[in-house]
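Trainee: turn this into a model:
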Amino acid sequence: MTSAQRPSSTPDSPTPTATSVGGAAGDPTTVEGTTEVLPSVVQKVTAFAAREIPGVAALGGSASRAVGAVRQTLTGNTENTAGVRVELEEQTARIGVDVAIEYGVGARELVRALRRHIPRAVEEIAGVTVVELNVVITDVQLPGGEDADAGATPPPPPPPPRPGATL
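Mentor: Residues are numbered from 1 along each chain as shown. Modelled structure (predicted):
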């Protein structure tokens, strides 16, 4: 294409893309159809966005985290969305997020960050407007991990069976 054939870009006309030059067939803006976003998509985006906030230690309560760990071990699926609930109606969502926070993080500031970041991510990635975001703080993780609060060593293993003993 020579410069004489190339469409010009002016402030009043957007820069043409390869699919829109000359009104080419297959331009995605001229094809009619429907788009559906499944709740699982909003759930994944929400879970990922929540984990991006400093101070979020984990999603879900301790039971849902345990189930998620077992599921990950069995299936290899690392997309744990435990602790995220989505009610999707047309292009709006009501979302519930259960989070465990790190010790020392202010809950109010963390919730404000979640309320800013999650709706923005869901709208940008999934094209769905978040009309409600409910946050439940389920736990606080102490420094040193979950085992640090026990402070005790694990019990010794049971002694081996005696020779000739029945099990």
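
Trainee: now do the contacts for Val97.
Mentor: Thr46, Ala50, Leu59, Gly83, Val84, Arg85, Leu114, Ile118, Leu133, Asn134, Val135, Val136 (CB atoms under 8 Å, 6 or more residues apart in numbering). (Each C-beta comes from the backbone N, C-alpha and C, glycine too.)

Trainee: of those, which is the most crowded?
Mentor: Using other CB atoms under 10 Å as the neighbour test, these are led by Thr46, with 30 neighbours.

Trainee: take the contacts of Val97 and keep only those in helices.
Mentor: Mapping the contacts of Val97 onto helices (DSSP state H) picks out Thr46, Ala50, Leu114, Ile118.

Trainee: from these, which two are the most distant?
Mentor: Greatest spatial distance among the ones in helices among the contacts of Val97 (CB to CB): Thr46 and Leu114, at 9.5 Å.

Trainee: identify all contacting residues around the biggest strand by length in the chain.
Mentor: If you go by DSSP state E, the chain has its longest strand at strand 129-141. Residues outside strand 129-141 that contact it (CB under 8 Å, 6+ apart) are 57-58, 60-62, 83, 91-103, 107, 111, 114-115, 118-119, 122-123.

Trainee: just these: which are in strands?
Mentor: Short answer: those in strands (DSSP E) are 57-58, 92-102.

Trainee: filter these down to the buried ones.
Mentor: Ala57, Ala58, Ala93, Ile95, Val97, Asp98, Val99, Ala100, Ile101 (16 or more other CB atoms under 10 Å).

Trainee: now do the fifth one against Glu90, distance only.
Mentor: To tie it back to what came earlier, the one meant is Val97. Separation of Val97 from Glu90 (CB to CB, to the nearest Å): 21 Å.

Trainee: where in the protein is the helix or strand with the lowest mean pLDDT?
Mentor: For the chain, the helix or strand with the lowest mean confidence is helix 62-75, at a mean of 48 (criterion: mean pLDDT, DSSP states H and E).

Trainee: pLDDT below threshold where in the chain?
Mentor: Filtered on pLDDT under 70, the chain yields the residue ranges 1-28, 62-80, 145-162, 164-167.

Trainee: show me what contacts Gly127?
Mentor: Gly127 makes contact with Thr35, Val37, Gln91, according to CB under 8 Å, 6+ apart.
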